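1. Sequence below, structure please.
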Amino acid sequence: MEGFVNNDGGRADAGFKGKAGDCVCRAIAIATEMPYIEVYNDLNALAKNERTGKRKKKISSAREGVYKQTYQKYLAALGWKWVPTMRIGQGCKVHLDAAELPKGRIIIKVSRHLTVMIDGVIHDTHDPRRTTVFTENGAIRTAGRCVYGYFVKETAVECPPETGCSECDQRDECPVSDPYWDDDVERK
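-> A predicted model of the protein is given here:
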């Protein structure tokens, strides 16, 4: 199917067999280009710190499903930023369609699933796009699967060579990223 590549994120190469509900692990492995087994072990290690309760009966599992708070924490640690595309009560504004999403490597959240799009092509073990056909005022319309938001890799700002600054991760001390930076002023 056009716009889709069957990609297990390296699961089979890591020695795993059979079916699994591992979309979070798979999506992160594909998007970050990290080994599947590394992501798998990292997510399971993070899950050990989760708490259970009345509503949350068990902890995350890289094989059977990972809670949102756990994968958000993991992706943030890897330098990925959440970009919401939908708000409560707003309705669907962005669909799982290359024309409506940015180019590059993104991890997309749709209902009960994470998938990856790389330059407009979905990489997953199945095609998660859904098309709904309905009539509106007598006209036939189609709508794709709604996107709740996506994760995108934050890129560091490159400093010009003349500043002598090699990394802009220290934005408080960088004259390029801080327009109010002044040599004569003490920084706290």
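2. Any figure for the gap between residue 51 and residue 11?
-> Residue 51 sits 28 Å away from residue 11, going by Cβ to Cβ, to the nearest Å. (Each C-beta comes from the backbone N, C-alpha and C, glycine too.)
3. higher neighbour count, those two?
-> Between residue 51 and residue 11, counted using other Cβ atoms under 10 Å, residue 11 has the larger neighbour count: 21 against 6.
4. Which residue ranges of the chain form strands?
-> Assigned by DSSP state E, the chain shows strands spanning 4-6, 80-84, 105-110, 113-118, 121-124, 131-136, 139-144, 149-153.
5. To residue 62, which of those strands lies closest?
-> In terms of Cβ to Cβ, the element of the strands of the chain nearest to residue 62 is strand 113-118, at 12.3 Å.
6. partner strands of the closest one, parallel or antiparallel?
-> Strand 113-118 has its sheet partners listed here by DSSP bridges as strand 105-110 (antiparallel), strand 121-124 (antiparallel).
7. quick revisit: now mean neighbour count, mean pLDDT and distance to residue 71 too, for the strands of the chain, in CSV please.
-> Formatted as CSV, the strands of the chain follow (neighbours: other Cβ atoms under 10 Å; pLDDT from 0 to 100; distance: least, Cβ to Cβ, whole Å):
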stretch, mean neighbour count, mean pLDDT, distance to residue 71
strand 4-6, 13, 94, 22
strand 80-84, 15, 96, 10
strand 105-110, 22, 96, 9
strand 113-118, 22, 96, 7
strand 121-124, 19, 96, 16
strand 131-136, 9, 70, 27
strand 139-144, 11, 69, 23
strand 149-153, 20, 96, 9
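8. Present those strands as a markdown table; the columns should include distance to residue 93.
-> Output for the strands of the chain, formatted as a markdown table (distance: least, Cβ to Cβ, whole Å):
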| stretch | distance to residue 93 |
| --- | --- |
| strand 4-6 | 23 |
| strand 80-84 | 10 |
| strand 105-110 | 14 |
| strand 113-118 | 17 |
| strand 121-124 | 19 |
| strand 131-136 | 16 |
| strand 139-144 | 12 |
| strand 149-153 | 11 |
